[in-house]
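> Show me the folded form of this:
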Amino acid sequence: MAVMTISVGTTSAVAAASGGVPTGAVYSILLLLHVGCAVIGFGALVLTGVQAGRAGRGPTSPRADAVRRYFRPGVNWAARALYGVPVFGLAVLSASGGALSAGDGFVVGGLMLWTAAAFVAEGVVWPAERRIQEVVSQRWEDPDTTGTLRRDCRRVVVAAALLAAVFVTATALMVARP
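Prediction:
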């Protein structure tokens, strides 16, 4: 008869050895931070798309004051939570006690999706967001800015919709763990 000894702090390793789902406080906290960064980061990017759609309607639209508040100059720090996703994801792998590995298909797929999302955020959303901030905060009423503003707003709206699809796909991939 085999006797299994479990000591405090090694529940992740025990779960990995038995083929189960990792458990333990550290693993759970890291997983919460990983998921939280994804929800906050992608959520802020999608919200930027919603507000960009409103900004494209002009300074006389019903939600113009909310658009001005949202696009006040500065860094959208909530969207930068996107960078915490792989950091805490790798920490989750480490805390899993071997139950999960960097070579797992869902991990590789998730990293590929995250990389694509980071490129879209850095290359499309954030540069256009800065231009929208400048126009909305300083010269939204100027008719000369209308064409450029609408183009930037359309870019952000389309990119945000793409990022929402990436988020849903990555979430499904992480839950299904194929």
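> And the helices in the protein?
For the chain, the helices defined by DSSP state H cover 11-18, 25-55, 64-70, 84-95, 105-120, 126-138, 146-176.
> Could I get these in a markdown table, plus columns for mean pLDDT, distance to residue 76 and mean neighbour count?
(C-beta placed from N, C-alpha, C; glycine too.) Shown next, in a markdown table, are those (pLDDT from 0 to 100; distance: least, Cβ to Cβ, whole Å; neighbours: other Cβ atoms under 10 Å):
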| stretch | mean pLDDT | distance to residue 76 | mean neighbour count |
| --- | --- | --- | --- |
| helix 11-18 | 46 | 35 | 18 |
| helix 25-55 | 97 | 6 | 19 |
| helix 64-70 | 95 | 9 | 15 |
| helix 84-95 | 96 | 14 | 19 |
| helix 105-120 | 97 | 14 | 16 |
| helix 126-138 | 95 | 6 | 19 |
| helix 146-176 | 96 | 11 | 17 |
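> Those helices: which one's closest to residue 77?
Proximity to residue 77, assessed across those by Cβ to Cβ, is greatest for helix 25-55 (8.4 Å).
> Tell me which residues touch residue 171, please.
residue 38 (Cβ atoms under 8 Å, 6 or more residues apart in numbering).
> sorry, back to before: out of the helices of the chain, nearest to residue 78?
helix 25-55 (3.8 Å).
> measure the closest residue to residue 41 other than its chain neighbours to residue 50 for me?
Spatially, and ignoring its direct neighbours in sequence, residue 41 is nearest to residue 82 (3.3 Å; Cβ to Cβ, 6 or more residues apart in numbering). Per Cβ to Cβ, to the nearest Å, residue 82 is found 17 Å from residue 50.
> Not including adjacent chain positions, what is the nearest residue to residue 177?
Nearest residue to residue 177 in three dimensions, chain neighbours excluded: residue 106, at 4.7 Å (Cβ to Cβ, 6+ apart).
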